[in-house]
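Novice: based on what follows, work out the 3D shape:
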Amino acid sequence: MKLILTGSSGLVGHEILSQYLEHPSPQVVLMEDFSSYPKTTLEAIKGADACIWTLGVNPKKMFDDGMARRVNIENTMTAVRLFNDSCQKPFRFVYCSGYLAERVRPSGSGSFKTTDGQVETEFLTFDDENPAFESYILQPALIKPRSNPNESVIAIGPSIKVHELASKMLNLALEGGTKKRSKNSEINQEL
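Specialist: Just a heads-up that it's a prediction; the model follows:
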């Protein structure tokens, strides 16, 4: 299986990469810029079976809303369209969203509380319009690292261990699933 993984330098992406490299004959595509796709990159992703998208920025931690929108929405949707056109069919796209992402119905009105909510809406609309595109959205809450130097710290509120989230995302990319969107509690129940 050929897998595209974004955000591999982050907590979740790094864990997914570590687990994926343990699989027999993993194929890895390295990309550094997700705003453009030169010919060499298009050749590298050709024939990919799935993508796990863990790339994003927290708009609340950025002073530039435009940058957050470009990274979280525009880069994601550019990749979705490109991968759908260039990769194997069916193509699986596993998206790591946010616990508090709020979507609006495409026909409804209102604002998005987060860019995750907007990209989820666009993403699921694209999924509905493209039957050979399988999308999965996971909405983890607090993600606990594999090693916690202070084990006495207990998360107040919903949480998930990074290796469990990574395992779930990797399994969806490799095997697919029936549920398109899973919240933190649902992810934990399925483990």
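Novice: which element, helix or strand, includes the nearest residue to Ser167 once chain neighbours are set aside?
Specialist: Closest residue in space to Ser167, ignoring its immediate chain neighbours: Gln19 at 6.3 Å, by CB to CB, 6 or more residues apart in numbering. Heads up, the C-betas are built off the backbone N, CA and C, glycines and all. Using DSSP states H and E, the element containing Gln19 is helix 11-20.
Novice: mind listing what's buried along that helix?
Specialist: 11-17, 19-20 (16 or more other CB atoms under 10 Å).
Novice: so which of those is the closest to Asn188?
Specialist: Val12 (15.2 Å; CB to CB).
Novice: show me what contacts that closest one?
Specialist: Going by CB atoms under 8 Å, 6 or more residues apart in numbering, Val12 touches 54, 96, 140, 143, 162, 165-166, 169.
Novice: might you list the low-confidence residue ranges for the chain?
Specialist: Of all residues in the chain, those with pLDDT under 70 make up the ranges 28-31, 58-65, 100-114, 148-155, 191.
Novice: tell me the contacts of the residue nearest to Arg69 when sequence neighbours are not counted?
Specialist: Closest residue to Arg69 apart from its sequence neighbours, by CB to CB, 6+ apart: Thr115 at 5.9 Å. Thr115 makes contact with 56, 59, 68-69, 72-73 under the criterion CB under 8 Å, 6+ apart.
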